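Chemist: Attaching a predicted model along with its sequence, questions to come.
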Amino acid sequence: MAPNKITRRDWLVGTSSSLIALKAGIANPATSPEVQQPAASQESPEIIADRERRMKWWHQARFGMFIHFGLYSVVGRHEWVMEEEGIPVPEYEQLAKQFNPVPNSARAWAKLAKQAGQKYMVMTSKHHEGFCNFDTKLTNYCASKQAAGRDLLHEYVEAARAEGLRFGFYYSLMDWHHPDGARCANDEDARKRFVEYTHGLIHELMTNYGKVDVLWYDVSWPLNAQKWESERMNKMVFELQPDIIVNNRNGVPGDFSTPEQQITAAAKGRAWESCMTLNGSWGYQRADDSWKTPKTIVRNLIQCANGGGNYLLNIGPKGDGSIPPESVTVLSDVGKWLARNGETIYESEPCGVSHSDYAGFTRKGNTLYMHVYYWPGDYVAISGLKTEVKSAHYVATGGKVSFQQEQFRVRFTNLPKVAPDSPVTTIAIECAFEPTQDTLWVRQERPRAGVGV
Ligand code: GLC
């Protein structure tokens, strides 16, 4: 996202003053997860240790699948179609009589996730449209009581488990359908009812599906954390699911930050996950052809891993539950790359090397992985590497790579004309110590000759 671009999310959570602040590039304390995150020192060692315990698998996983599925999937015009086209509620509701995906469509999603090298899935339980994909006692506007006649979330949970994947539920606090969904902002009775309804749905989600790995809140309009009673909400969640992790979009920090459509590492010590679409929309949008390439996805994944973050990549199945073929192609290609190069991503650690115009970097212990995405043949080089290189090899083939190291650069030489791997070729570089990089040191200290050549 361009720094000055105001997203739909910003608009939703923004007052006019916060919008001015956003335009000026000033963080809005009410909406910026980083600002909300308490300083590490404010948290007790027990809380920090418990978070580390709960999040261990997630940090190792690095790559997950996001699934946006709901009534909007039938329409195929983006998950915001109800609001963006001003569709009256009674008209939109009719979609519930049509939404009947092929039974167990989720199996193909889970299989694709597995094949793509994704280790967990997060599916919309209820998006802004207010329709519940799950069986609930609290509304009839849910899959089990409409055309589908069954609990779609349950199918998803079974599918994820069958593939050995972790899974989570996305839940939108904002609700365009519920009668109290907007008036709760100005009517205390409505607020109480709506908060009870919301906490009640979340209670069901946390009770009816066995162990759940992630709860992924979204848009908190029109209330703030205090009015949503978000602390109480999370307390209930953790009582019911002691191992779960939660994000920050119910207005309290939770366990991780959620940069959207951009890759921005959170402050040191704070977990983060960048969520992104494969084309331009989350829900199925039939005419959207702005598909990202496998190379872009691999590069994004590398960039997330470089900063110690995760990458949650979305698919938007069609109303019948099938996955757009373009998504299948891209994810399959990414999976093939990960099958050869997974050791460079999973369980990787934050990396102190990042400067290059043709490569990205990840790290595990003292091993630096140089991911070359524009293969020049001949040689590649790293500037300002502050450790001795011991050896180097191609991850895909195991073949040795020769190198020469000087004070300010290390070059990997005799490279073949054609890249040994695709879409990115990775060189594993064994270093004497944890690799770090200092390009300013190079600029300042590289000996300069006198004027003239
Ligand atoms: C935004 C959008 C929403 C999408 C979400 C994913 O908040 O409003 O449609 O589900 O991002 O992060």
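Modeler: Here it is on my side, so go on.

Chemist: Please spell out which residues along the longest helix along the chain are buried.
Modeler: For the chain, the longest helix by residue count, based on DSSP state H, is helix 188-207. Under the neighbour-count criterion of 16 or more other C-beta atoms under 10 Å, helix 188-207 has 190-191, 193-195, 197-199, 201-206 buried. For every residue, glycine as well, the C-beta is placed using N, CA and C.

Chemist: Now distance to the ligand too, for those residues, in JSON lines please.
Modeler: Below are the buried residues of helix 188-207 laid out as JSON lines (distance: C-beta to the nearest ligand atom, whole Å):
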{"residue": "Ala190", "distance to the ligand": "22"}
{"residue": "Arg191", "distance to the ligand": "22"}
{"residue": "Arg193", "distance to the ligand": "24"}
{"residue": "Phe194", "distance to the ligand": "19"}
{"residue": "Val195", "distance to the ligand": "20"}
{"residue": "Tyr197", "distance to the ligand": "20"}
{"residue": "Thr198", "distance to the ligand": "17"}
{"residue": "His199", "distance to the ligand": "21"}
{"residue": "Leu201", "distance to the ligand": "17"}
{"residue": "Ile202", "distance to the ligand": "17"}
{"residue": "His203", "distance to the ligand": "22"}
{"residue": "Glu204", "distance to the ligand": "20"}
{"residue": "Leu205", "distance to the ligand": "16"}
{"residue": "Met206", "distance to the ligand": "20"}
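
Chemist: neighbouring contacts of the longest helix of the chain?
Modeler: 125-126, 132, 134, 136-139, 153, 169, 171, 173, 175, 178-181, 183-185, 212, 215, 223, 227-229, 232-233, 236-237, 240-241, 244 (C-beta atoms under 8 Å, 6 or more residues apart in numbering).

Chemist: Which other helices and strands does the next helix or strand after it contact?
Modeler: Note on helix 188-207: by DSSP states H and E, the next helix or strand toward the C-terminus is strand 214-218. Counting contacts by 3 or more C-beta pairs under 8 Å, 6 or more residues apart in numbering; DSSP states H and E, strand 214-218 packs against strand 120-126, strand 166-172, helix 188-207, strand 245-246.

Chemist: okay if I get these as JSON lines plus distance to Thr367 and mean pLDDT?
Modeler: Formatted as JSON lines, those follow (distance: least, C-beta to C-beta, whole Å; pLDDT from 0 to 100):
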{"stretch": "strand 120-126", "distance to Thr367": "25", "mean pLDDT": "99"}
{"stretch": "strand 166-172", "distance to Thr367": "26", "mean pLDDT": "99"}
{"stretch": "helix 188-207", "distance to Thr367": "40", "mean pLDDT": "98"}
{"stretch": "strand 245-246", "distance to Thr367": "28", "mean pLDDT": "98"}
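
Chemist: Show me which residues of this protein sit near the ligand.
Modeler: Arg8, Arg9, His68, Glu79, Trp80, Asp218, Val219, Glu260, Cys275, Trp282 (C-beta under 6 Å from any ligand atom).

Chemist: Now for the residues you listed: which two are most distant?
Modeler: Trp80 and Cys275 (15.7 Å; C-beta to C-beta).

Chemist: the more surrounded of the two?
Modeler: Using other C-beta atoms under 10 Å, the more surrounded residue of Trp80 and Cys275 is Cys275, with 22 against 18.

Chemist: What's opposite that one in the beta bridge?
Modeler: For Cys275, the residues forming beta bridges with it (DSSP bridges) are Glu260, Leu312.

Chemist: Looking at it now. What's its pLDDT?
Modeler: Here, the pLDDT recorded for Cys275 equals 98.

Chemist: and it, what does it touch?
Modeler: Going by C-beta under 8 Å, 6+ apart, the list of residues near Cys275 reads Phe66, Thr258, Pro259, Glu260, Gln261, Leu312, Leu313, Asn314.

Chemist: now swap in Ser383 and tell me
Modeler: Ser383 neighbours (C-beta under 8 Å, 6+ apart): His355, Ser356, Phe408, Arg409, Gln437, Thr439, Val442.

Chemist: if I look at it, how far off is Ala265?
Modeler: According to C-beta to C-beta, to the nearest Å, Ser383 stands 21 Å off from Ala265.

Chemist: isn't Asp289 right up against Asn279?
Modeler: Yes: here Asp289 reaches Asn279: they are 7.0 Å apart, a contact under C-beta atoms under 8 Å.

Chemist: Please enumerate the shared neighbours of these two.
Modeler: In contact with both Asp289 and Asn279: Glu326, using C-beta under 8 Å, 6+ apart.

Chemist: Show me which of those two is the more surrounded one.
Modeler: Neighbour count, other C-beta under 10 Å: between Asp289 and Asn279, Asn279 has more, with 19 against 9.
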